[in-house]
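Student: pasting the sequence and the predicted model now:
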There are 2 protein chains.
Amino acid sequence: MPGTSPDFAARLRSAGLRPTRQRVALARVLFGAGHRHVTAESLHAEVRATRIPVALATVYNALNQFRDAGLLREVVVAPGRSYFDTNTGHHHHFFVENDGELHDFPSDKVTIAGLPAPPKGTHLSRVDVVVRVRR
Amino acid sequence: MPGTSPDFAARLRSAGLRPTRQRVALARVLFGAGHRHVTAESLHAEVRATRIPVALATVYNALNQFRDAGLLREVVVAPGRSYFDTNTGHHHHFFVENDGELHDFPSDKVTIAGLPAPPKGTHLSRVDVVVRVRR
DNA sequence: TTGATCTTTGGAATTATTCTAAAGTGCTTG
DNA sequence: CAAGCACTTTAGAATAATTCCAAAGATCAA
């Protein structure tokens, strides 16, 4: 079944990023299967486990670039911790305050009505809904 | 017009906090007029401008205590920066991504429908809506 | 292949926040 | 109102997350 395995290099290229060894390795982990939430640290550990040497700074670089290129979305839920979400489509989040866990939920069933107009001189960028829960 | 000026010491006491010189000074700035959004740094600068000596660590302590006591609400919008909001009622936020400005808007006109049930074993704590805008 | 450009890297630097131990203050009791 | 104890404040060190840096290494178009 040729063409089935995702071509990460191509994906990076079309995002305007050179497909370097470490960017491809990072992409493989990030986009290889299902949606993921990662922190720089967790991703760094995961990629190193695949025996490809990557510096933590490179992980930060790549995450920021991927985000800027629209391949990832950054979610800020707690001070001093931000997650990168491979799901860039419309969706929102559950955040479990006790343990910092994050779960997606689709936004297609969710309706938000009655939002005021953006402050003058600004235009809407995105609406983030974070449903905070506790155990 | 006696009794008009808010008694910050009493307010702190009923929140279970000793009304020390610096906590009262912080409360005065925070709750003295209209709702405010502050960071530890900005509040520190403001209070020092009133010629009351306060250490930055004390500002952090107080903000955390005020938040825990329900006098403040913490809003996390960007990695490495959290704001404290003196408005603890139901409301949501505009966040101007360019300059990090934060604006409240009331939630009474806003309806959110179709939220999924919280993950099993958890109960709802709060729903945060952040409307991100750009200039 | 080669050079120009872009990336990676380890470690230092920066930023936001918390911790620590000592000094100071508020509160309760007698 | 003096005493004592518990709670606070403080300056500076410590920590944690992230960015910066200059040098070494890849990638790519020609």
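Tutor: That came through fine.
Student: ok, now which ones touch the residue lying farthest from the centre of chain A?
Tutor: Residue distances from the centre of chain A (CA atoms, centre = their mean) peak at A:Lys120, which lies 29.9 Å from the mean C-alpha position. Contacts for A:Lys120 (CB atoms under 8 Å, 6 or more residues apart in numbering or on different chains) come out as none. Any C-beta I mention is one placed from the backbone N, CA and C, and that applies to glycine too.
Student: name the helix or strand for it, please.
Tutor: Assigned by DSSP states H and E, A:Lys120 belongs to no helix or strand.
Student: give me the mean pLDDT for stretch A:107-125.
Tutor: For stretch A:107-125, the mean pLDDT works out to 92.
Student: gap between the residue farthest from the centre of chain A and B:Arg134?
Tutor: Note on A:Lys120: its distance to B:Arg134, by CB to CB, to the nearest Å, is 13 Å.
Student: also A:Pro118?
Tutor: From A:Pro118 to B:Arg134 the distance is 9 Å (CB to CB).
Student: ok, the two, which is more surrounded?
Tutor: The neighbour comparison of A:Pro118 against B:Arg134 (other CB atoms under 10 Å in any protein chain shown) goes to A:Pro118, with 18 against 15.
Student: so what's the more buried one up against?
Tutor: Per CB under 8 Å, 6+ apart, neighbours of A:Pro118: A:124, B:94, B:131, B:133.
Student: which ones among these lie within strands?
Tutor: Using DSSP state E, the subset of these located in strands is A:124, B:94, B:131, B:133.
Student: now the residue farthest from the centre of chain A: phi and psi?
Tutor: Main-chain torsions, A:Lys120, degrees, to the nearest 10: phi -60, psi 140.
Student: can you check A:Phe66 too?
Tutor: Torsion angles, degrees, to the nearest 10, at A:Phe66: phi -60, psi -40.
Student: so it sits against A:Asp85, correct?
Tutor: No. Assessed by CB atoms under 8 Å, A:Phe66 is found out of contact with A:Asp85, at 10.9 Å.
Student: any common contacting residues for those two?
Tutor: Residues touching both A:Phe66 and A:Asp85 comprise A:Leu72, with contact defined as CB under 8 Å, 6+ apart.
Student: now do the helices in chain A.
Tutor: A:8-14, A:21-31, A:40-49, A:56-68 (DSSP state H).
Student: tell me the most buried of these?
Tutor: By mean neighbour count, with neighbours taken as mean count of other CB atoms under 10 Å in any protein chain shown, helix A:21-31 ranks first of the helices of chain A at a mean of 19.
Student: okay, the helices of chain A in JSON lines with mean pLDDT and distance to B:Asp7 next?
Tutor: Converted to JSON lines, the helices of chain A look like this (pLDDT from 0 to 100; distance: least, CB to CB, whole Å):
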{"stretch": "helix A:8-14", "mean pLDDT": "95", "distance to B:Asp7": "61"}
{"stretch": "helix A:21-31", "mean pLDDT": "97", "distance to B:Asp7": "55"}
{"stretch": "helix A:40-49", "mean pLDDT": "96", "distance to B:Asp7": "47"}
{"stretch": "helix A:56-68", "mean pLDDT": "97", "distance to B:Asp7": "48"}
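Student: looking at those, which is closest to B:Tyr60?
Tutor: Nearest to B:Tyr60, of all the helices of chain A, is helix A:40-49, at 24.0 Å by CB to CB.
Student: need the residues of chain A near DNA strand D, please.
Tutor: Residues of chain A lying close to DNA strand D (CB under 7 Å from any atom of the strand) are A:13, A:18-21, A:39-41, A:56-57, A:60, A:64, A:80-82.
Student: many thanks, I have nothing further to ask.
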